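Trainee: Fold the following.
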Amino acid sequence: MKLHDLRPEKGAKKKRKRVGRGAGAGQGKTAGRGTKGQKARSGGGKGIYFEGGQLPLARRLPYKRGFTNIRKVYYKAVNLRSLAEFDFGGDAVTPEIMAAIGLIKKPTDPVVVLGEGEIDVAMTVKAHRFSTTAKEKIEAAGGTAELLPLK
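Mentor: Numbers count the residues shown, from 1 in each chain. Coordinates of the predicted model:
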């Protein structure tokens with residue numbers, strides 16, 4: 001098979017209906033628009049906004065500015081002060097552990113670690129985001145701050 005042999009499947013391409021081309025074509029005279037009336041005219045028909053004279057839905061709803069970004073990531077904030085209260089016994093602090101001790105509600109939530117408070121124990125903290133001060137304080141205490149990928 002060569003490029004010049006390629007053809008669409010039989011019946012895959014349908015011919016465009018050519019309206020208003022005479023009685024023999026089957027769509028002559030009124031060209032499938034019926035007889036007279038608003039919808040038979042050029043530019044005829046009502047706008048999508050029109051609801052038969054009833055107050056349109058767009059006017060019945062309260063006016064709201066802006067929009068909601070569906071891709072916005074809502075992080076659950078955890079401060080270093082909260083992490084310093086618990087003894088993790090050398091384990092890495094993950095969102096699953098944070099959820100188990102009640103710092104966040106769900107282990108699937110994206111977590112941001114903020115730098116409020118002080119820590120003096122070296123610990124490995126795994127989160128989806130770190131503030132600059134939080135990362136500096138964790139590393140100053142001898143620990144590591146590991147970034148988790150967002151799902």
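Trainee: Could you list the low-confidence segments of the chain?
Mentor: By pLDDT under 70, the chain has no low-scoring segment.
Trainee: What's the first helix or strand after the lengthiest helix in it?
Mentor: The residue-count maximum for a helix in the chain (DSSP state H) belongs to helix 132-140. Downstream of helix 132-140, the next assigned helix or strand under DSSP states H and E is strand 144-147.
Trainee: what's the first-to-last distance across stretch 64-73?
Mentor: Terminal residues of stretch 64-73 lie 22 Å apart, using C-alpha to C-alpha, to the nearest Å.
Trainee: mind listing what's buried in that stretch?
Mentor: By neighbour count on 16 or more other C-beta atoms under 10 Å, the buried set for stretch 64-73 is empty. Where you see a C-beta, it was placed from the backbone N, CA and C, and this is true even at glycine.
Trainee: How about stretch 79-88?
Mentor: Buried residues in stretch 79-88, counted by 16+ other C-beta under 10 Å: N79, L80, S82, L83, A84.
Trainee: which strands and helices sit next to the helix or strand harbouring the third one?
Mentor: Counting by DSSP H and E, the element that carries S82 is helix 80-84. With contacts taken as 3 or more C-beta pairs under 8 Å, 6 or more residues apart in numbering; DSSP states H and E, helix 80-84 sits against strand 111-114, helix 132-140.
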